[in-house]
Structure formats: structure tokens, C-alpha cells
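1. Model the following, please.
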Amino acid sequence: MAAAKPLKHANGSIVEMGATDVIPIANLATGTPDGTKFVRDDGTLASPGAPSGGAGTTTLDFGASPGTAMASVDVTGLGTIGAGSRVQAWVVATATADHSADEHVAESLKIVAGNVVAGVGFTIYGEAMIGFANGTFTVAYSWS
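-> Presented below is the predicted three-dimensional model:
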């Protein structure tokens, strides 16, 4: 059985649409077309939201030896972050003044991001899983 093709009216009769035929936007959606909008599932034209999300790195500082079990750093200046943004953070094997890239890999740190403030940023929390950590570690983050 052949695949069904869209139909159109032509001089009072119904014929198959050709590959170059266009369905008028008024038959699909309400609103004013301007070439930058899409058709929403409720049949209206809408503009896409502003792009959001981003990524970067920061330094998490557990202080001088003997260090601490917990540390945090605020990441700010993120004007496009929303209250419902999903934030991820992780240790990156990039040397700091205190630790080599290998030490970044070997240290048992739990990294969590939270406390998202719309239009501002978020907080990255680090926890030494065994005893204390000391010095600085490179932490990467992303949000969407």
C-alpha cells in the first residue's frame, strides 16, 4: 500500500500536494509570523526562549594543612541561570598550586552543586570522604 500524501484544494477538487507546495501558516497556528517563531503544541506561534546554560571552572579551597572535611565556593555572575537550572560539578585533573593533576584524581572528594539563585549563580560544596583534605582543587561545572 502506498504511503498517504497530504491533500490540497485546487479549483474545487482535492489533489495531492507536491513537494514544493506550502501549507499556509494560518492553517497551522495563530499569531503573527516573522520567520523566527515555531508552532507550539497548542497551535500558537511562539519565539524560542533565550539560550541558557554554560560551563566553567573554579577553585575549591580546603585551607592549609591539616585542612578541613568540608569546603565550598560560590560561583556568581551567571545572569542566565534560572531557579530551576540543573547544575553539575566535578573535580578536574588540572594542577593547582597545592596539588598535581594526579593528586586531583587520587583524592577522594565528593562534589555537589546547589543553592541555585536565579540570575546570580550557585554554590559548589566539597567533602573529603576520608579524613581531611587540604589546599586547592580545580572544579569544573556546567548548568542547563
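2. if you go through the chain in chain order, where are the strands?
-> For the chain, strands defined by DSSP state E occupy the ranges 7-10, 13-16, 38-39, 45-46, 54-61, 70-75, 87-91, 109-117, 121-128, 136-143.
3. now for stretch 114-125, what's the gap between its first and last residues?
-> 8 Å (CA to CA, to the nearest Å).
4. Could you list the residues in contact with that stretch?
-> 58, 60, 70-85, 87, 89, 111-113, 139, 141, 143 (CB atoms under 8 Å, 6 or more residues apart in numbering). Backbone N, C-alpha and C define where each C-beta goes, glycine included.
5. Let's see that with 10 Å instead.
-> With contact meaning CB atoms under 10 Å, 6 or more residues apart in numbering, stretch 114-125 is reached by 58-60, 70-90, 110-113, 139-141, 143.
6. what do you get for stretch 76-85?
-> Residues contacting stretch 76-85 (CB under 10 Å, 6+ apart): 49-54, 56, 75, 87, 113, 116-123, 141-144.
7. which among those residues end up buried?
-> Buried members of the contacts of stretch 76-85, counted by 16 or more other CB atoms under 10 Å: Val75, Val87, Ala113, Val116, Gly121, Phe122, Thr123, Tyr141, Trp143.
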